[in-house]
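1. Build me a structure from this.
(2 chains)
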Amino acid sequence: MKYYPQKLESKWQAFWEKKNLFKAFEDPSREKYYLMEMFPYPSGNIHMGHVRNYTIGDVVARYKRMCGKNVLHPMGWDAFGMPAENAAIENNTHPAKWTYNNINGMKVQLKRMGFSYDWDREFATCDPEYYRWEQLIFLKMYEKGLAYKKRTHVNWCEKCQTVLANEQVENGCCWRHTDQEVSIKEMDSWFLKITDYGEDILDYCDKLPGWPERVLTMQRNWIGKSHGAIIRFPLKDSDEVIEAFTTRQDTVFGATFLCFAPEHPMVREIIKGLPEEGDVLEFVERTLKMDRYMRTADFTAKEGVFAGRYCLNPATGEKIPIFVANFVLPDYGTGAIMAVPTHDQRDFEFAKKYDLPLRVVIKPPGQDLSEETMTEAFVDQGILVNSGPFDGQRNLGALDSIAEYLESKGMGYKTVNYRLKDWGISRQRYWGAPIPIIYCEKCGTVPVPEEDLPITLPLDLDMRPNGGSPLPFSSSFFETICPNCKGKARRETDTMDTFVESSWYFDRYTCPDYTEGPLDQERVNYWMPVDQYIGGIEHAILHLLYSRFYTRVLRDFGYLKVKEPFTNLLTQGMVCKETQECPEHGYLYPQEVKEDCCVRCGTRVNTGNTVKMSKSKKNVVDPQPLIDEYGADTVRMFCLFASPPEKDLEWSDRGVDGSYRFLNRIWRLVTDHIDEITKVPVYEGKDSLPDRLKAVHRKTHQTIKKVTDDIENRFHFNTGISAVMELVNEVTQFLNSKEKKDDTAWSIIREAIETSVVLLSPVVPHITEEMWEMLGHDECLITVPWPEYREDALEVENRLIVLQVNGKVRSRIEVPVSYGEDEIEAKALADERIKHFIDGKPVRKVIVVQKKLVNVVV
RNA sequence: GCCGAAGUGGCGGAACUGGUAGACGCGCUAGGUUCAGGGUCUAGUGGGUGUAUGCCUGUGGGGGUUCGAGUCCCCCCUUCGGCACCA
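-> Next up is the predicted model:
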């Protein structure tokens, strides 16, 4: 009987669906296990990254279910976003139609993979029944001051035609368009006050043992907490004061000038009417025009301009000049810095360039340092000098006392600064959740009354050919009546960042049909938190940080009881493949290469690095043809077998063949011997066995132990699968051997084979169900309990002991397990080969490691 | 520049607490199979050396700790990832 994956996979998928086997029910008497993979953006087709992510999750879901857990394993769609708008313009369809078409297609693909989702909980975030609750949460945040609007400098991506959050800017470029530099625009924007929770989110980074350390490190760095002080510099000839944040208040006596960021609001104010005004304004405008990447690139020269004014160094009382400088960041600290050229390299270079004074305030212990001769800033620790009452102290030791000194004189205070800024969520896009706000000329900004929710996205709009949002041009959408004064008013036409949807979708899976509010207390409190979350490392900051923020907000609103959404996080590696590049024609698809040459020009192609699959590198492998050819089980198995989940997976067509061959091998093992196997019961562990059979029996139970450990503790499916392969090899070898095959032997073989089938079932659920049925079982494999190994089956009579002389392996002996150290040592020293290597030399020491080895030192 | 992860056969990867390095799979070699091909089965497969069931050598490089190091410590190199004028 041949293995036909397509036929048997659709048979079992239909069976599971009919029996509703993956539907989750709330049952407080059972231990819940909430497992989730990051939901996909419905781009059209599933790609290899999805296949890998969801296969890993499915194995865990099926395994936990077999272990008796009440498993929730949902799936849905991250359905708002730009690509729908672009596709709509290109294909002259509507984003909604395009999105729902894609969802339907991808759902078919996911079902074809045999994933064990509870499809009854599926939803798409573009459904008003989902985003209405998101709008409600926004209103509550607005009420509490957690959502606010301000005019500020924001990141703008020309290709997206919208504002981006700080988290969505990578190396100065848009996270979606890595070749599009982000520019700075001043505009009105809605923000969520994630900074209110920054400290708590940071604090809990130490309380998430189930998260990968590197993700936590990235989040800690992103929050960027630093201890320092705000120092107040009085503006000369004015009552105003300039505040500067520093972590080096120990160097305040050496601050010889002050720098503003060009964006700083005081800049325009203080230069009014001065001869320098024109120069300063010209410099500010020139700097603001630069895009963010150019401005912050390390090759960009540090530049500045004198602002024509002075302020007083509060420590020395001296007047120091004020500059505007391009390297000062507007949104870190206060946007103004005190410059200490002697002890900061940037300030040193700036001072040399503009011929500004230097004053040494820290000297290296036991050495001298002078302003005239120093060629770079002295940034190490040392002893304070020229620092009034603090002379002679060690600089680090004086950090606190200098802060206190400034504070006592009203010239500053100790503080903590964060790099984390509030989350900008306004998007000048159409395909997103509308922000439920109304602007009235009389009443100002007015929240939409709760009972008017949802503010639905109108579906009867045509996309604008230039790519902008049609909402500001749709009077039927934006024209409205003020809920307060009933006068004419205008709706907010910006929509929310799509990361808002994904910040709480995991909560909504627990009660997707709930109509009384965002979350059904009873159900959400039963299932949350997510026990295991699985997804790509690319969301280490973005989605995972926002979700932690939202969970805290929802908790404070009383919707949730948990503070952290995800107890355990597994970040799977990328799916990679080598690239091929023609010197003439750039990256090539595999079919464009014949015998290592470009089909177009015949030039020899260069095989490039193995990198993440992407369309632009033309190294993508579409899973669908593979599923069609080999079946879902083979694709699932290869994804798991090629490498452990947290590492990158290198795609290999040959490797897929190997997985397919193995499935054929175990299939033949079952079908070729089905009569002999099914006529005997599974070995019960009672009859005594000849050595060879005992070895098979032992291997069976060793394999259970190994596979369980690999899944339960490490998610190392690759070694688990290897272990089952070994067991199958052992059985095959036994069957090919001349050993007698009586009923006892067949019952041992039955045990080994059935164990292999059960252990493999989370990985390759279809073929194993089919074999399980052939083996005479009528219950579904998913309801079979996960096997436990028998301790007594693991016992051995003899143990292999490795014999070493001076640490080199020279011989091996078998000894009974009952042997003590002395007996093993005696046996080892009596070994012929060991005697030969001792060669009459005096034995200095003999090390005996129980159960393992003997090392003779001569 | 800073932080982190990783470097093991021709390839993907094993080796979990220091104890037989290379499990398992791919590829390759030889052979079997009424063997067209594909498939499948058996044996072999880190390198060197050899008459030898042998010996030497070997986990990016160099030191060290240890009876014993892929594993622990120090220095260096390479690759990948994150952050990067953060005051």
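2. so who does the closest residue to RNA strand B within the stretch 101-250 of chain A touch?
-> Residue nearest to RNA strand B within the stretch 101-250 of chain A: residue A:246 (3.1 Å; CB to the nearest atom of the strand). Every residue, glycine included, has its C-beta placed from N, CA and C. Listed by CB atoms under 8 Å, 6 or more residues apart in numbering, the contact partners of residue A:246 are A:228, A:229, A:231, A:252, A:333, A:337, A:338.
3. Just the ones of those residues in strands?
-> A:228, A:229, A:231, A:337, A:338 (DSSP state E).
4. Tell me the pLDDT of residue A:595.
-> Note on residue A:595: pLDDT of 69.
5. How about residue A:791?
-> 87.
6. Residue A:831 too?
-> Looking at residue A:831, its pLDDT stands at 82.
7. still on that earlier bit, so which of the ones in strands among the contacts of residue A:246 is the most crowded?
-> residue A:231 (29 neighbours; other CB atoms under 10 Å).
8. hang on, isn't that residue packed against residue A:247?
-> No. With contact defined as CB atoms under 8 Å, residue A:231 does not reach residue A:247; the gap is 11.2 Å.
9. Give me the most central residue, chain A.
-> With distances taken as CA atoms, centre = their mean, residue A:537 lies nearest the centre of chain A, 3.0 Å away.
10. separation between that residue and RNA strand B?
-> For residue A:537, the distance to RNA strand B (CB to the nearest atom of the strand, to the nearest Å) stands at 7 Å.
11. Contacts only, for that residue.
-> Contacts of residue A:537 were listed using CB under 8 Å, 6+ apart, and they are A:214, A:215, A:571, A:572, A:573, A:574.
12. For the last one, give me its contacts.
-> Same thing as residue A:574. Here residue A:574 is in contact with A:49, A:536, A:537, A:612, A:613, A:648, A:649 (CB under 8 Å, 6+ apart).
13. can you pick the most crowded of the residues you listed?
-> residue A:649 (25 neighbours).
14. Under the pLDDT cut-off, which ranges of the stretch 451-600 of chain A? List them.
-> A:595 (pLDDT under 70).
15. redo that, cut-off 80
-> By pLDDT under 80, the low-scoring segments of the stretch 451-600 of chain A are A:466-467, A:578-584, A:590-591, A:593-598.
16. Near RNA strand B, which residues of it are found?
-> A:537, A:540, A:541 (CB under 7 Å from any atom of the strand).
17. What is the neighbour count of the residue lying closest to residue A:619 once chain neighbours are set aside?
-> Leaving aside its sequence neighbours, residue A:619 sits nearest to residue A:577 (CB to CB, 6 or more residues apart in numbering; 4.3 Å). For residue A:577, the neighbour count with other CB under 10 Å is 22.
18. Give the pairing partners of the helix or strand residue A:577 falls within; include direction for each.
-> Using DSSP states H and E, residue A:577 falls within strand A:575-582. If you go by DSSP bridges, strand A:575-582 pairs up with strand A:586-587 (antiparallel), strand A:606-612 (antiparallel), strand A:649-650 (parallel).
19. List the neighbours of the helix or strand of chain A with the lowest mean pLDDT that are in contact with it.
-> Least confident helix or strand of chain A, by mean pLDDT, DSSP states H and E, is helix A:292-296 with a mean of 72. Applying CB under 8 Å, 6+ apart, the external contacts of helix A:292-296 come out as A:155, A:169, A:171, A:172, A:173, A:181, A:182, A:183, A:184, A:287, A:300, A:326.
20. Past that helix, which element shows up next along the chain?
-> strand A:304-312.
21. Would you mind pulling up the elements that the following helix or strand past that next one packs against?
-> Next in sequence after strand A:304-312, counting helices and strands by DSSP H and E, comes strand A:319-325. Contact here means 3 or more CB pairs under 8 Å, 6 or more residues apart in numbering; DSSP states H and E; on that basis strand A:319-325 packs against strand A:257-260, helix A:277-289, strand A:304-312, helix A:345-354.
22. Under a three-state scheme, what state does the residue of the stretch 401-550 of chain A found nearest RNA strand B occupy?
-> Of all residues in the stretch 401-550 of chain A, the one sitting closest to RNA strand B is residue A:419 (3.9 Å; CB to the nearest atom of the strand). Following DSSP: H, G, I helix; E, B strand; the rest coil, we place residue A:419 in the coil state.
23. so it sits right up against residue A:220, yeah?
-> No. Between residue A:419 and residue A:220 there is no contact, the gap being 10.3 Å when judged by CB under 8 Å.
24. related to what we said a few turns ago, look up how far residue A:390 lies from the residue of the stretch 101-250 of chain A closest to RNA strand B.
-> Distance of residue A:246 to residue A:390, computed by CB to CB, to the nearest Å: 15 Å.
25. what residues does the stretch 651-800 of chain A put near RNA strand B?
-> A:652, A:654-655, A:657-659, A:661-662, A:664-665, A:706, A:709-710, A:716, A:718-719, A:721-722, A:725-726, A:729, A:732-733, A:736, A:800.
26. What helix or strand is residue A:222 located in?
-> helix A:213-223.
27. ok, residue A:350 - contacts?
-> By CB under 8 Å, 6+ apart, the neighbours of residue A:350 are A:259, A:302, A:304, A:323, A:325, A:327, A:339, A:341, A:356.
28. For the last one, grab phi and psi.
-> Which is residue A:356. Dihedral pair for residue A:356: phi -100, psi 160, per degrees, to the nearest 10.
29. Who are the contact partners of it?
-> Residues near residue A:356 by CB under 8 Å, 6+ apart: A:256, A:257, A:321, A:339, A:341, A:350.
30. How about the fourth one?
-> With CB under 8 Å, 6+ apart as the criterion, the residues that contact residue A:323 are A:257, A:258, A:259, A:260, A:304, A:305, A:306, A:307, A:339, A:350, A:354.
31. at 6 Å instead, please
-> When contacts are counted by CB atoms under 6 Å, 6 or more residues apart in numbering, residue A:323 touches A:257, A:259, A:304, A:306.
32. Reformat those as TSV; add distance to residue A:425 and pLDDT.
-> Supplementary listing: the contacts of residue A:323 in TSV, determined by distance: CB to CB, whole Å; pLDDT from 0 to 100:
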residue	distance to residue A:425	pLDDT
A:257	38	95
A:259	31	95
A:304	34	92
A:306	39	94
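33. can you name the two of the residues you listed that are farthest apart?
-> Pairwise distances across the contacts of residue A:323 peak at 10.6 Å for A:259 and A:306 (criterion: CB to CB).
34. what about the two, which has more around it?
-> Neighbours around residue A:259 and residue A:306, counted as other CB under 10 Å, are more numerous at residue A:259. The numbers are 25 against 17.
35. I'd say the more buried one and residue A:325 touch.
-> Yes. Contact criterion CB atoms under 6 Å: residue A:259 and residue A:325 qualify, at 4.1 Å.
36. Give me the phi and psi for residue A:655.
-> The phi/psi pair for residue A:655 (degrees, to the nearest 10) is phi -60, psi -40.
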